[in-house]
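Engineer: Just the structure for this:
(2 chains)
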Amino acid sequence: MIQGIPLEHFLIVSTIMFFIGVCGFIIRRNLITMLMAIELILNSVNINFVVFNRYLYPDQLQGQFFSLFVVGIAAAEASVAIALIINIYRNMKNIEVENVNEMKY
Amino acid sequence: MTGYTYTIFIILIPLVMFLVTGLLGMKWKPIVSGILGTIGMGIAWTLSLITAGSYFFGTHGAEGFQAIIPFEIKWLQFTETLIIKMGILLDPISVMMLVVVTTISFMVHIYSLGYMKGEGGFARFYSFLSLFTFAMLGLVIATNIFQMYIFWELVGVSSFLLIGFYYQKPSAVAAAKKAFIVTRFADLGFLIGILILSFVTGTFDFAKLTEPGTTIFASAASMSFMGISAMTWAMTLMFIGGAGKSAMFPLHIWLPDAMEGPTPVSALIHAATMVVAGVFLVARMFPVIHFQAPATQEIIAYVGGFTSLFAAVIAITQYDIKRILAFSTLSQLGYMMLSLGVSGYGGEEGLGYMASMFHLFTHAMFKALLFLGAGSIIHAVHSNLMQDMGGLRKYLPITHITFLIACLAISGIPPFAGFFSKDEILVAALEHNKLLFAVEYIVAGLTAFYMFRLYFGVFWGKDQHYHHTPHESPMTMAIPLMFLAFMSIFSGFLPFHNLITSDKMGFETHTDLMVAIPSVLIGVLGIAMAWILYKKESVVPAKMAKSWGILYTATYNKFYFDEIYLFVTRKIIFNYISRPIAWFDRHIIDAFMVGIGLVTEKVSYQIKGMQSGQLQHYAFAFVAGTLAIALSMIYLLM
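Structural biologist: Predicted coordinates:
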């Protein structure tokens, strides 16, 4: 399925995705958007897992399974994060990340 | 040898009594604790007598009295060779000490039922007495030197508790502290001595140390420190421990002050049992000292001789009757030490050893009697001072007679007990050291003089104005007096030379008339002097005191030894050693630690703004840091 596409292309895509995620996490003010940025980071890693698995050990499936685990964990993490965000919204009436600074010194 | 396993109860009963009366005593009427303690002590006393009877008069082989260990457990095992055991060792001196300790302790228990009646802390008093008895018994039956050390310290603690029994009284608290600190200081020497000894020999056991012809000291010969052999160091240090407990000069200062405790305590601890622990230690280690460290034995002899003279001189000038007795105890302990110091080993050579143990035994009896008699007098007159007493023979007939017996016994008048033991000591001293013999001979006269000065001053002379007529003590106090008077008369006839000897073999002694007659004469002379000076109120003693002038004042103030110690500790050690060290501690060590704390606090205060609470700042720092590390790794690895 990925014959003819060199490894570097996948890696470039995943790297771009990773840094979009990092930038989104650092720049965006909205907590939901930040959560989406985290999903981007995780998925870029997933791509790497699958691709390396395919290129290095074509007759094995560990990398693919690992990416499935990551998806599962990401789903769980998203549900927890959204629950937190809902609570933050109830307390602060918005979900701007600058307002969540109760834990400073 | 399993016939003596019951001896374990002799020490366990006082321990149980201590726990029971100590923990539950507050819930009961006070007298219950007293009676319980007394009954327990009575059982222990009976068991001790049975032990002594079957040990000394049962069958024993031609080798004399062998040491028996009926019970022993491994208590702590550190390495293959470093094992600390707990057990019971029965040999002539420990069996004799069992009898002495339980007898005196039992008598004091009975006596205190009357003497301490109505005092606050009656149950506490009895629990401490039991603790002390337990510790002392544990000390005498110790199978090894470490067990002895443990009980030695326990004895020190219980002595501290009992001296400070009247803890509301500042002088009692000060005396308790003084006794504890001085003996503790001496015990440091004991501990170092033990460590050296066990390092050299690799054992703690008395049985191995005192075995004749043993080879465990072979390695000691090559060791020395500052030109003195290792064994001499070890034994001298151990003797310092013994000298502290037995209040030998110059560590004697605590004993007179220890009289702040209740009088029965003085009788038990500071006359008959605890203070002879030092003598007992020297006797226990005697073969080692005699063969491995003859220099130490010389020291022991001279320290003992000097102490006996020194204390006897002070005793003449004192007025507090308990203090007179305290100095007399010092003097007699000096006799015992000296006797060990001049003794040889084996057969007739070991006369001094036997005489020392003999004197220990008889002294315990008559000195406990003297103290209990003094307690009876104090009970009647409510004062310790001789000036407040006089003409008491009419009011206190039993006390008077028993006190007189004890005075005669300590003065060495035949046929009372003190004569026989003191005579043996003088014979032993004469054979080995003429100078010490002369000293002891003079001390015998002084002893008779100060004892009868006390006796005449208290029981004769003119009546003082008593607030209420002095009355004879109750039976609980009179019975111990009578029993001990009986012992003071007859214990001199015990065949010690067959029973307790340096090599466990009996030998024959004979009263040497060349020594006995002069010693009796000087005793009589002392009594006669006291008779002339103190029987009737007279101005002669005061005049004599005046004519002696500065000498009298110095003696009256105990040669200013307390003041010297205070000067040395307060003015010199505190000012020139303790204070600089305290300054160093406060300004260098503490300051360093405080500085670390201060710097940490200041720095964290400065950088705490970095923890802004903004999640994205953290994330940025994290990513930036990761990138920086990743890039530097790549740069380094390329």
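Engineer: so which helix or strand takes in the residue nearest to B:Val100 when sequence neighbours are not counted?
Structural biologist: Sequence neighbours aside, B:Ala364 is the residue nearest to B:Val100 in space, at 4.8 Å (criterion: C-beta to C-beta, 6 or more residues apart in numbering or on different chains). (Glycine included, C-beta is placed from N, CA and C.) Assigned by DSSP states H and E, B:Ala364 belongs to helix B:351-381.
Engineer: Same check on B:Ile84?
Structural biologist: Counting by DSSP H and E, B:Ile84 is part of strand B:83-90.
Engineer: just to revisit the earlier point, run through the neighbouring helices and strands of the helix holding B:Ala364.
Structural biologist: Helices and strands touching helix B:351-381, by 3 or more C-beta pairs under 8 Å, 6 or more residues apart in numbering or on different chains; DSSP states H and E, are helix B:92-115, helix B:263-267, helix B:277-284, helix B:321-342, helix B:397-411, helix B:417-432, helix B:475-490, helix B:496-499.
Engineer: try 6 Å
Structural biologist: helix B:92-115, helix B:263-267, helix B:321-342, helix B:397-411, helix B:417-432, helix B:475-490, helix B:496-499 (3 or more C-beta pairs under 6 Å, 6 or more residues apart in numbering or on different chains; DSSP states H and E).
Engineer: Kindly reformat those as JSON lines and extend each row with mean pLDDT.
Structural biologist: Below are the helices and strands packed on helix B:351-381 laid out as JSON lines (pLDDT from 0 to 100):
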{"stretch": "helix B:92-115", "mean pLDDT": "88"}
{"stretch": "helix B:263-267", "mean pLDDT": "86"}
{"stretch": "helix B:321-342", "mean pLDDT": "88"}
{"stretch": "helix B:397-411", "mean pLDDT": "88"}
{"stretch": "helix B:417-432", "mean pLDDT": "84"}
{"stretch": "helix B:475-490", "mean pLDDT": "86"}
{"stretch": "helix B:496-499", "mean pLDDT": "74"}
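Engineer: that older thread, ok, the residue nearest to B:Val100 - contacts?
Structural biologist: B:Val100, B:Ile104, B:Ala272 (C-beta atoms under 6 Å, 6 or more residues apart in numbering or on different chains).
Engineer: What number of residues are in the vicinity of the second one?
Structural biologist: In this case it means B:Ile104. 30 (other C-beta atoms under 10 Å in any protein chain shown).
Engineer: do the same with the one 4 residues further on
Structural biologist: With neighbours defined by other C-beta under 10 Å, the count for B:Val108 comes to 30.
Engineer: does it really touch B:Pro264, like I thought?
Structural biologist: Yes: counting by C-beta atoms under 6 Å, B:Val108 touches B:Pro264, with 4.6 Å between them.
Engineer: Go ahead and confirm A:Ile85 touches A:Met34.
Structural biologist: No: using C-beta under 6 Å, A:Ile85 is not in contact with A:Met34, being 9.4 Å away.
Engineer: Which positions in chain B make contact with chain A?
Structural biologist: B:Lys608, B:Gln611, B:Ser612, B:Gly613, B:Gln614, B:Leu615, B:Gln616, B:Ala619, B:Phe620, B:Val623 (C-beta under 6 Å from any C-beta of the partner chain).
Engineer: List of residues touching stretch B:269-285?
Structural biologist: Contact partners of stretch B:269-285, identified using C-beta under 6 Å, 6+ apart, comprise B:93, B:101, B:104, B:136, B:155, B:159, B:242-243, B:245-247, B:258, B:329, B:333, B:336, B:340, B:360, B:364, B:367-368, B:371.
Engineer: where does the residue in chain B that chain A sits nearest to land in three-state SS?
Structural biologist: Residue nearest to chain A within chain B (C-beta to the nearest C-beta): B:Gly613, separated by 2.9 Å. Following DSSP: H, G, I helix; E, B strand; the rest coil, B:Gly613 is assigned to coil.
Engineer: how about it, what does it touch?
Structural biologist: With C-beta under 6 Å, 6+ apart, B:Gly613 has these contacts: A:Asn101, A:Met103, A:Lys104.
Engineer: roughly how far apart are B:Met235 and B:Ser339?
Structural biologist: Applying C-beta to C-beta, to the nearest Å, the value for B:Met235 to B:Ser339 is 17 Å.
Engineer: who's more crowded, these two?
Structural biologist: B:Ser339 (36 against 27).
Engineer: CA atoms of the helix or strand B:Ile581 falls within as PDB?
Structural biologist: Using DSSP H and E, B:Ile581 falls within helix B:579-584. Extracted C-alpha coordinates of helix B:579-584, given in PDB (Å, rounded to 0.1, in the frame of the first residue of the first chain):
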ATOM      1  CA  ARG B 579      32.900  27.900  76.700                       C
ATOM      2  CA  PRO B 580      35.200  28.000  73.700                       C
ATOM      3  CA  ILE B 581      33.700  24.800  72.500                       C
ATOM      4  CA  ALA B 582      30.200  26.200  73.000                       C
ATOM      5  CA  TRP B 583      31.200  29.300  71.100                       C
ATOM      6  CA  PHE B 584      32.600  27.200  68.300                       C
END
